[in-house]
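Undergrad: Need coordinates for the below:
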Amino acid sequence: MPAIIITGHPRIGKTTVAQLIALRAKRRFHVTNVVIVNEENVIQDRTKAECYVNSHVEKQTRSALKSAFERALASSPDTLVILDSLNYIKGYRYELHCISRSMRQQHCV
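TA: Now for the predicted structure:
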């Protein structure tokens, strides 16, 4: 199942779009497993704002999101994975692309 990587500025509705995509995939395309990977699901001891307070914490956040994205892709070939985060660094998006390709999964940004 493909992976969807949502990118954008803070507070423009990425999470809302991710939830709508998940709902539509379940209703219209009968997808049973949808995993939304975001800061709230992965890093539960910090708020979203605290995840990006400085470059060191942001790097830890990206690392945790990337690991969760990879685990979600590997969990089942029938799972739609939606990565809902800033994802503004081109090199980071390329790493996500490489993870998708290594698992022979399609993805879009």
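Undergrad: Just give me the neighbour total for residue 28.
TA: By other C-beta atoms under 10 Å, the residues close to residue 28 number 8. Quick note: C-beta positions are derived from backbone N, CA and C, even for glycine.
Undergrad: repeat for residue 98
TA: Neighbourhood size, residue 98 [other C-beta under 10 Å]: 10.
Undergrad: from here on, count from 751
TA: Let's use 751 as the start, then, which means that last one is residue 848.
Undergrad: Return the residues in contact with residue 834.
TA: Going by C-beta atoms under 8 Å, 6 or more residues apart in numbering, residue 834 touches 756, 764-765, 767-768, 786-788.
Undergrad: Widest-spaced pair of these?
TA: Across the contacts of residue 834, the longest distance by C-beta to C-beta is 14.1 Å; it joins 767 and 787.
Undergrad: Looking at these two, which one has more neighbours?
TA: residue 787 (25 against 15).
Undergrad: Check whether the more buried one really touches residue 819, as I assumed.
TA: Yes - in this structure, residue 787 is within contact of residue 819 by C-beta atoms under 8 Å, at 5.2 Å.
Undergrad: Which neighbours do those two have in common?
TA: With C-beta under 8 Å, 6+ apart as the test, residue 787 and residue 819 both reach 831, 833.
Undergrad: Let me know the next secondary structure element after the longest helix along the chain.
TA: Longest helix in the chain, counting residues (DSSP state H): helix 805-825. Remark: after helix 805-825, the chain's next helix or strand is strand 829-834, criterion DSSP states H and E.
Undergrad: pLDDT averaged over that next one - what is it?
TA: If you average the pLDDT over strand 829-834, you get 96.
Undergrad: any idea how far residue 812 is from residue 806?
TA: Distance check for residue 806 against residue 812: by C-beta to C-beta, to the nearest Å, it reads 11 Å.
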